[in-house]
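Student: coordinates only, sequence not included:
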C-alpha cells in the first residue's frame with residue numbers, strides 16, 4: 001500500500017514539474033499583451049542576425065610622422081546569407097583601412113568589401129571563416145507597407161549593441177541624399193528611435209521580415225528626434241545581388257559622357273550637355289552629338305539634354321534616376337537643345353560596358 005501511494009505521488013510530482021517547466025518557458029507570454037509578445041518574439045528571432053561593424057582608418061601623427069590605426073566609426077549590419085555576406089550602409093564603411101564585424105556571440109571577424117553602391121548608401125561585406133550557425137533575415141515587400149504599420153529597428157546606437165526600438169511607418173516615398181549627393185527615392189520614414197550607430201541595421205515588420213535598412217536621421221541635436229529613414233527592402237533586393245555579382249550597380253546606358261553638375265552651374269546652362277558621344281553606341285546611332293572645339297579653340301556645345309520621356313533633366317541625379325527606372329532593351333525619348341533647335345531622339349538602352 002505504501003509503495004502504491006509513493007508511486008502515485010511520484011507520478012503526480014513529475015507531471016507537475018513538467019508543467020511548471022513548460023509554464024516557465026512561456027512566463028514572458030502569460031504576462032504580456034499580444035503586441036508585447038509579438039515584439040519579444042521578433043527580437044528573439046532577428047537579433048542573432050544583427051552584427052556590429054567597426055571601421056578603422058590610418059592616420060599619420062603630426063609630430064612623429066608614424067602611421068597608426070584609429071577608430072573611424074562604427075555601425076550596424078545584418079547577415080544576408082550563411083556564406084558570411086553582410087549588408088550595411090556605404091557611409092559606415094567609407095574610407096576604411098580595416099573592417100571588423102562582431103557577431104552576437106562576441107566573436108570578431110575581419111571583413112572585406114565585396115561591393116558598394118554609394119548612390120544607394122549600401123555595401124556588402126564578406127567575413128572570414130563564418131560560423132555554421134549564421135541566421136538570415138526573411139525578406140519582406142516594402143511595396144505592401146502603409147502608413148501606421150508597426151516597425152521594429154535593431155542596431156548598435158552609440159556603441160550599445162543589440163538595441164531594439166519600435167514605432168510605426170510615419171510616411172512613405174521620402175527622398176534623402178546619399179553620400180555621393182545622389183537622391184535615394186522611395187525612402188521609408190519612421191518614428192522608431194534611430195541614433196548614430198543604428199546605420200546599416202534592419203527595419204522589420206510585425207512578421208519579423210526585413211522591410212528596410214536604417215540609414216539616416218533628421219535631427220538638429222544629432223540624436224533621435226523621431227524622424228528616421230530607411231532604404232526600402234525592394235531597393236535592397238535589387239541592389240545587393242548586383243553588388244555580390246559585379247561589385248557595383250549596373251545601370252543601363254546610351255553611350256555618352258556628361259558635363260559635371262558644377263560645370264553646368266558655373267555656366268548657368270539649362271539642361272545637361274553631352275561632352276562626348278561614343279561611336280557605335282545608341283546615342284551616336286540616334287544622331288546625338290557631343291561638344292567640340294572650333295577653329296579658334298573655343299568649346300562649342302552639342303546636344304544639351306533637357307528632358308527624358310517628358311521629365312525635365314537638370315542634373316546628373318535627374319538623368320540617372322530616369323535611366324535607372326528602365327532596363328536594357330527599353331527605348332527612351334530624349335529631348336535636347338542643339339543650338340537654337342529643339343530635337344527629339346528615340347534611343348535604345350543597353351547594358352553597362
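Tutor: On my side now, so go ahead. Everything quoted here is computed from the prediction, not taken from an experiment.
Student: how about the strands in the stretch 251-353 of the chain?
Tutor: Taking DSSP state E, counting those that start in this stretch to define them, one finds strands in the stretch 251-353 of the chain at 256-258, 272-277, 292-293, 299-300, 304-308, 311-312, 331-338, 341-348.
Student: I'd like the ones you listed as a markdown table, with mean pLDDT and mean neighbour count appended.
Tutor: Every C-beta, even on glycine, is put in place using the N, C-alpha and C of the backbone. Formatted as a markdown table, the entries for the strands of the stretch 251-353 of the chain read as follows, by pLDDT from 0 to 100; neighbours: other Cβ atoms under 10 Å:
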| stretch | mean pLDDT | mean neighbour count |
| --- | --- | --- |
| strand 256-258 | 94 | 18 |
| strand 272-277 | 95 | 21 |
| strand 292-293 | 89 | 10 |
| strand 299-300 | 87 | 11 |
| strand 304-308 | 96 | 21 |
| strand 311-312 | 94 | 12 |
| strand 331-338 | 96 | 18 |
| strand 341-348 | 95 | 14 |
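Student: which of these sits closest to residue 230?
Tutor: Of all those, strand 311-312 sits nearest to residue 230, with 25.9 Å by Cβ to Cβ.
Student: please name every helix or strand in contact with the closest one.
Tutor: Packed against strand 311-312, as judged by 3 or more Cβ pairs under 8 Å, 6 or more residues apart in numbering; DSSP states H and E, are the following elements: helix 316-324.
Student: got a list of contacts for the helix it packs on?
Tutor: Outside of helix 316-324, the residues within contact range by Cβ atoms under 8 Å, 6 or more residues apart in numbering are 119, 181-183, 185, 251-254, 258, 260-261, 272, 305, 308-309, 311-313, 332, 349.
Student: same check, this time on stretch 326-335
Tutor: In this structure, residues lying in contact with stretch 326-335 by Cβ under 8 Å, 6+ apart are 252, 254, 286, 288, 305-310, 322-323, 342-351.
Student: how is this structure partitioned into domains?
Tutor: Described in terms of automatic domain parsing, the domain architecture of the chain consists of the residue ranges 51-127, 256-348.
Student: adding distance to residue 204, write those out as TSV.
Tutor: Below are the domains of the chain laid out as TSV (distance: least, Cβ to Cβ, whole Å):
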stretch	distance to residue 204
domain 51-127	10
domain 256-348	27
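Student: lowest average pLDDT across those?
Tutor: For the domains of the chain, the bottom mean pLDDT is recorded on domain 51-127, which sits at a mean of 84.
Student: just give me how far it sits from the chain centre.
Tutor: Here domain 51-127 is found 15 Å from its chain centre; the criterion is Cα atoms, centre = their mean, to the nearest Å.
Student: got the phi and psi for residue 128?
Tutor: phi -80, psi 140 (degrees, to the nearest 10).
Student: residues contacting it?
Tutor: Taking Cβ under 8 Å, 6+ apart as the criterion, residue 128 is in contact with 84, 109-112.
Student: so what pLDDT did it get?
Tutor: The score at residue 128 is 86. That number is its pLDDT.
Student: list the residues that contact residue 199.
Tutor: By Cβ under 8 Å, 6+ apart, residue 199 lies in contact with 75-76, 88-89, 91-92, 155, 214-216.
Student: ugh, typo on my part, it should be residue 240
Tutor: Applying Cβ under 8 Å, 6+ apart to residue 240 gives the contacts 80, 87, 122, 124.
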